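> Whatever this is, show me its structure:
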Amino acid sequence: MKELIKEIIERDNLDSPSRHATLNNKRMYLYTFMRKQGMSHQNIAKEFNRTHATVIHGLNRYKDCLLYTSDAADDSLRVDLGGRRI
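The predicted structure is shown next:
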């Protein structure tokens, strides 16, 4: 698994200093995936040439994005949290 992640990082140039939104989104997704695989913040940071604080920030932003998009979907579908249409 680690080899596949390294390949993705190299292929998409995710270890570059670029802060382009597309790259940031991919990084945040991979931070989350790697964290769920049990990797420490420090080890994740090393793979991306970042600091552990950057990884923590990316994980928090990713969670916020998921909450925002799920709330927006609930609003646009007019579905409450119980799954009933209103």
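> Could you pull out the buried residues of stretch 25-33?
For stretch 25-33, a neighbour-count test (16 or more other CB atoms under 10 Å) marks 26, 27, 28, 30, 31, 32 as buried. C-beta: built from backbone N, CA, C; applies to glycine.
> Kindly report the same for stretch 50-69.
Those would be 50, 54, 55, 58, 59, 62, for stretch 50-69 by 16+ other CB under 10 Å.
> And the fifth one, how far from residue 16?
The gap separating residue 59 from residue 16 is 20 Å, by CB to CB, to the nearest Å.
> and what of the second one?
When CB to CB is the yardstick, residue 54 and residue 16 sit 13 Å from each other.
> My reading is that residue 14 lies in a strand. Confirm?
No - Residue 14 is assigned coil when assessed by DSSP: H, G, I helix; E, B strand; the rest coil, not a strand.
> Surely it touches residue 23?
Yes - if you go by CB atoms under 8 Å, residue 14 and residue 23 touch, sitting 6.0 Å apart.
> And the two? Which one has more around it.
Neighbours were counted for residue 14 and for residue 23 using other CB atoms under 10 Å; residue 14 has more, 19 against 16.
> With only the CA atoms kept, save stretch 56-71 in PDB.
Output of stretch 56-71 as PDB, limited to C-alpha atoms (Å, rounded to 0.1, in the frame of the first residue of the first chain):
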ATOM      1  CA  ILE A  56      -3.300  18.100  11.000                       C
ATOM      2  CA  HIS A  57      -4.700  21.300   9.300                       C
ATOM      3  CA  GLY A  58      -5.400  19.300   6.200                       C
ATOM      4  CA  LEU A  59      -7.200  16.600   8.100                       C
ATOM      5  CA  ASN A  60      -9.400  19.200   9.800                       C
ATOM      6  CA  ARG A  61     -10.100  21.000   6.600                       C
ATOM      7  CA  TYR A  62     -11.100  17.700   5.000                       C
ATOM      8  CA  LYS A  63     -13.500  17.000   7.800                       C
ATOM      9  CA  ASP A  64     -15.000  20.500   7.500                       C
ATOM     10  CA  CYS A  65     -15.500  20.000   3.700                       C
ATOM     11  CA  LEU A  66     -17.300  16.700   4.300                       C
ATOM     12  CA  LEU A  67     -19.600  18.300   6.800                       C
ATOM     13  CA  TYR A  68     -20.300  21.300   4.600                       C
ATOM     14  CA  THR A  69     -21.000  19.100   1.500                       C
ATOM     15  CA  SER A  70     -23.300  16.800   3.400                       C
ATOM     16  CA  ASP A  71     -25.200  19.700   4.900                       C
END
